[in-house]
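In: Have a look at this prediction, sequence included:
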Amino acid sequence: MRIVMFIGLVCVSVFFTVLFVKGGVWVGKKFLPWFGWLSNITFCVDIIIFVPLAFIKTTRSWAGVGFLLSSYVFGITVWFLGIIWTYMICGIFGVIIGLLLLGIGVVPMAILATLFRGFWLPLLILIVMITLTFGLRILGVLLIEDSKKYKKQFKPINMTPLSKNPELEYEEGTPFDDEK
């Protein structure tokens, strides 16, 4: 009886694993064109808007946040590329092994698969996308940290109205006496 339950459990586990992998590949095929389009727009926004903002000290934190957010766009795109290329080259077994490696193993599996099969353009695309993902994430964090150092150099401006500022003493007869 235990053997039958064990075999049944294994069959159900395999069924749901295959269903999960096939579903992930299906989602990837449906949404990858959108993620590719979004990655292209994000790259243009990074170059046109965030790179100039990174050179201005007062807007450096905005550039850092922008780079950090765009790294996630590139990251999800490269993950879907990895799962689809791993499935196309290695099949379901390669995707399952990749997903067992903390879910992100499909990208290294895709790199190995494209490398061993000699698919150089997909390999180059994966490497560029991974470099963009982690490079922009690191750059974003560094820019945010640098802007925090810059902001600590300046004292905040006291925005208390002049008539109510206890640090300033006024002589009698000034225009601020009317507000008391």
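Out: That came through, no problem.
In: Chain neighbours aside, what residue packs nearest to residue 53?
Out: Using CB to CB, 6 or more residues apart in numbering and skipping residues adjacent in sequence, the residue nearest residue 53 is residue 63, 3.9 Å away. To be clear about C-beta, it is placed using only N, CA and C from the backbone, and glycine gets the same treatment.
In: check contacts around the one you found.
Out: 50, 51, 53, 54, 140, 143 (CB atoms under 8 Å, 6 or more residues apart in numbering).
In: any low-confidence regions in the chain?
Out: Counting by pLDDT under 70, the chain contains low-confidence ranges at 16, 102-103, 150-180.
In: Run through the strands of it in chain order.
Out: Listed in chain order, the chain contains no strands at all (DSSP state E).
In: what's the spacing between the spatially most central residue of it and residue 123?
Out: In the chain, the residue lying closest to the centroid (CA atoms, centre = their mean) is residue 72, at 1.7 Å. Applying CB to CB, to the nearest Å, the value for residue 72 to residue 123 is 23 Å.
In: cool, residue 20 as well?
Out: 26 Å.
In: again, but for residue 54
Out: 30 Å.
In: Pick out whichever of those two has more residues nearby.
Out: residue 54 (23 against 19; other CB atoms under 10 Å).
In: give me phi/psi at residue 56?
Out: Dihedral pair for residue 56: phi -100, psi 120, per degrees, to the nearest 10.
In: what's the burial count for it?
Out: Neighbours of residue 56 (other CB under 10 Å): 10.
In: ok, the closest residue in space to residue 92 that isn't next to it in sequence - contacts?
Out: Spatially, and ignoring its direct neighbours in sequence, residue 92 is nearest to residue 21 (5.5 Å; CB to CB, 6+ apart). Taking CB under 8 Å, 6+ apart, we find residue 21 in contact with 87, 92, 95, 96, 99.
In: can I get the residues you listed in CSV with distance to residue 8 and neighbour count?
Out: What follows is those, written out as CSV (distance: CB to CB, whole Å; neighbours: other CB atoms under 10 Å):
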residue, distance to residue 8, neighbour count
87, 27, 24
92, 21, 14
95, 24, 28
96, 20, 19
99, 23, 19
